[in-house]
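Colleague: With the input below, show me the fold.
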Amino acid sequence: MIRSPRRRREEPLDHAELARLLPAPGDPELSSARLNGLEEHLMTEIRSRTSDTASDTAPDTSTGAPPAGAHAGGRAPRPARRSGRRPVLVGAAAALVLAAAGVAGLAGGSGDPGDPGGTGGSASSGRAVAPPAGAVPAPVVQVVRGSTAGLAGAVADISGAAARAEPPEPGPGQFLYVRSEVSWLVSWEGADGKNRSYVDKIHPREVWRSPDGDKGWLMEPYKEAIDRDGITLDDPEGGERTLNSPGYDYLRTLPTDPGLLLKKIYDETGGMGNGPDQQAFSTIGDLLREQVVPPKLAAGLYRAAARIPGVVLVDDSVDAVGRHGVAIARTDEADGARTEWIFDRETYTYLGERTVQTRDAEGIAAGTVRGRTAVTDRAVVDAVKQRPAGSAPGERAVSPATPSAGT
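Modeller: Model (predicted):
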């Protein structure tokens, strides 16, 4: 699906591409949020070490010569953020960057982390001396407590609006198009050894998918791991569609009863993520983020989510383009990151998603906004890289996205 920054999920419909590039993941699978965090940390280490080794004029006898293909004096690869499982695709792209850079190992030499140069400089410590290119300090907000009071009423309004929506219906040979503005957490450890929280600048992300899920295209030119013209999401083998790799046609086959839906989600995601409840919530979020979902299914998914233990209502949240709304949310007990699905207060249209750190953990301060998205367009088009009339690259819609069952 379209996929998603540290956060886990980052990225839904991109599993087919990942499957061709990487070996099958181990069992059990980490949550999308956790995977995103690990990926971001990995890419940060790679960035600093490739930059350090490229700047060395002679091999370091303690670590060996710089890896072949390291970027000499150039800008190091920016860490790729993962979106739901969207991040799956970005994760695959990050793996390609790794291979292209020729990074053979991550074990660095020893040295004084506080010494920015000389014999114990950052080249030995492996710590970055500057924030990631293009990143900005992560926003920090007051953490508003969520509550189950009002949750049932809000979910009834949201699911009712979803059921009444009239989403675009793709015809033969057409593609579903979803455009979002996104920003995700970037890990950075400074020369003093302290962790700072930076995020990508908010930027556009566009996804095209065929109804059967076998063909697709992703454009996110802000990411250096992705060509400016985009990358294919095609699955030439036509892999089986699942909750983790759906297509529109597959979504139409799912039950719409919230009880049956929730059972299917728990059954198919058992053993994944940071516990069954968090994984169920993440899976539903992945299905909604970058898809056009049939109306009755969307309504059922919201009702199913309300039955997951730990799900609360947050009175106010803000998406990536500044739109305020109410949110259905759940905190991942493993790392304290709360994912909030944001809805317009009047139309109950899905606006986007925000992830907020609720407690100090993993070097990230409470209140840090780890990720933000905003859906700005959903439509049906005749070909990949084709945009709806009136839409152009670089534009940022500030009004609520057109109501649809996916939103």
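Colleague: could you point out where the stretch 151-300 of the chain is predicted with low confidence?
Modeller: 190-191, 224-225 (pLDDT under 70).
Colleague: residue ranges for the helices of it, please.
Modeller: 151-164, 248-251, 258-268, 276-289, 295-306 (DSSP state H, counting those that start in this stretch).
Colleague: Which strands or helices does the lengthiest strand in the chain pack on?
Modeller: For the chain, the longest strand by residue count, based on DSSP state E, is strand 175-189. Using 3 or more C-beta pairs under 8 Å, 6 or more residues apart in numbering; DSSP states H and E, the elements in contact with strand 175-189 are helix 32-55, strand 195-200, strand 203-209, strand 369-381. Every residue, glycine included, has its C-beta placed from N, CA and C.
Colleague: now the second one and strand 175-189, what's the angle there?
Modeller: Here strand 195-200 runs at 160 degrees with respect to strand 175-189, directions being taken by axes from the mean of the first three to the mean of the last three C-alpha atoms, to 10 degrees.
Colleague: Give the pairing partners of strand 195-200; include direction for each.
Modeller: strand 135-137 (antiparallel), strand 175-189 (antiparallel) (DSSP bridges).
Colleague: can you list these in CSV and add distance to Ala334 and mean neighbour count?
Modeller: Shown next, in CSV, are these (distance: least, C-beta to C-beta, whole Å; neighbours: other C-beta atoms under 10 Å):
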stretch, distance to Ala334, mean neighbour count
strand 135-137, 25, 15
strand 175-189, 16, 26
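Colleague: Would you convert these into CSV that also reports distance to Pro309?
Modeller: Output for those, formatted as CSV (distance: least, C-beta to C-beta, whole Å):
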stretch, distance to Pro309
strand 135-137, 34
strand 175-189, 26
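Colleague: Out of those strands, which gets nearest to Thr358?
Modeller: strand 175-189 (14.3 Å; C-beta to C-beta).
Colleague: Quickly find the element holding the nearest residue to Trp217 once chain neighbours are set aside.
Modeller: Spatial nearest neighbour of Trp217, chain neighbours left out: Val384 (3.9 Å); criterion: C-beta to C-beta, 6 or more residues apart in numbering. Applying DSSP states H and E as the criterion places Val384 outside every helix and strand.
Colleague: Could you check how far Val312 is from Gly300?
Modeller: 20 Å (C-beta to C-beta, to the nearest Å).
Colleague: if you count what's nearby, which of the two comes out ahead?
Modeller: Gly300 (25 against 19; other C-beta atoms under 10 Å).
Colleague: Nearest residue to that one in space, please, no chain neighbours.
Modeller: Counting by C-beta to C-beta, 6+ apart, the residue nearest Gly300 is Thr256, at 4.1 Å.
Colleague: re earlier: wait, which of the helices of the stretch 151-300 of the chain is closest to Tyr348?
Modeller: Taking these one by one with C-beta to C-beta, helix 151-164 is closest: 3.8 Å.
Colleague: ok and that closest one relative to helix 276-289, angle-wise?
Modeller: Using the same axes, to 10 degrees, helix 151-164 lies at 30 degrees relative to helix 276-289.
Colleague: for helix 151-164, packing partners?
Modeller: Helix 151-164 packs on helix 295-306, strand 312-318, strand 324-331, going by 3+ C-beta pairs under 8 Å, 6+ apart.
Colleague: and Ala379, which of these is closest to it?
Modeller: helix 295-306 (16.2 Å).
Colleague: Any chance you could list what contacts that closest one?
Modeller: The list of residues contacting helix 295-306 from outside it, by C-beta atoms under 8 Å, 6 or more residues apart in numbering, reads 151-152, 155, 158-160, 162-167, 251-252, 254-259, 261-262, 265, 281, 284, 287-288, 293, 311, 328, 405-406.
Colleague: of the residues you listed, buried ones?
Modeller: 151, 155, 158-159, 162-163, 165, 167, 251, 254, 256, 258, 261-262, 265, 281, 284, 287-288, 293, 311, 328, 405-406 (16 or more other C-beta atoms under 10 Å).
Colleague: residue contacts, Val318?
Modeller: His324, Gly325, Ile342, Arg354, Arg372.
Colleague: Now the buried members of those.
Modeller: Gly325, Ile342, Arg354, Arg372.
Colleague: tell me which of those is nearest to Arg228?
Modeller: Looking across the buried ones among the contacts of Val318 and measuring by C-beta to C-beta, the closest to Arg228 is Arg372, at 22.9 Å.
Colleague: what's the spacing between the closest one and Ser317?
Modeller: Where Ser317 is concerned, Arg372 sits at a distance of 10 Å (C-beta to C-beta).
Colleague: circling back to that earlier point, reformat the helices of the stretch 151-300 of the chain as a markdown table; add distance to Arg209.
Modeller: Compiled in a markdown table, the helices of the stretch 151-300 of the chain are given as follows (distance: least, C-beta to C-beta, whole Å):
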| stretch | distance to Arg209 |
| --- | --- |
| helix 151-164 | 20 |
| helix 248-251 | 7 |
| helix 258-268 | 20 |
| helix 276-289 | 12 |
| helix 295-306 | 16 |
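Colleague: To Pro221, which of these lies closest?
Modeller: Per C-beta to C-beta, nearest to Pro221 of the helices of the stretch 151-300 of the chain: helix 276-289, 19.7 Å.
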